[in-house]
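Novice: Got a sequence here, can you build the structure:
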Amino acid sequence: MFTLRVYKAKSGKPVTEKRVTVSGRYKAAGQTDDFGEVHFDLEPGDYSIRVGDRDIETVYIEGRHFVYL
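Specialist: Below you'll find the predicted structure:
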């Protein structure tokens, strides 16, 4: 299991109610909550992260990972 926390780079505020998709060995999607967090019940590994319609990065994710838009 891992958690992504999505923030606005300029203001540092959480990005809420935004669709987040991860794809790699597994693929899943979720929506950020009031704290900018989205939880995935997937094994750690290399995943491509997409927030809304933007491809963000491909990175190894384990535990908690921060994403800045």
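Novice: Now A9, what are its backbone angles?
Specialist: When read as degrees, to the nearest 10, the backbone of A9 gives phi -60, psi -40.
Novice: again, but for the one 3 residues further on
Specialist: Per-residue torsions, G12: phi 80, psi 10 (degrees, to the nearest 10).
Novice: Run a quick neighbour tally on it.
Specialist: Close neighbours of G12, defined as other C-beta atoms under 10 Å, add up to 8. Placement of C-beta: from N, CA and C, glycine included.
Novice: How about E62?
Specialist: Neighbour count of E62, defined by other C-beta under 10 Å: 11.
Novice: Just give the nearest non-adjacent residue to it, would you?
Specialist: P44 (3.7 Å; C-beta to C-beta, 6 or more residues apart in numbering).
Novice: repeat for R54
Specialist: Counting by C-beta to C-beta, 6+ apart, the residue nearest R54 is L69, at 7.2 Å.
Novice: Pull up the distance across stretch 7-14, start to finish.
Specialist: Its first and final residues considered, stretch 7-14 spans 4 Å by C-alpha to C-alpha, to the nearest Å.
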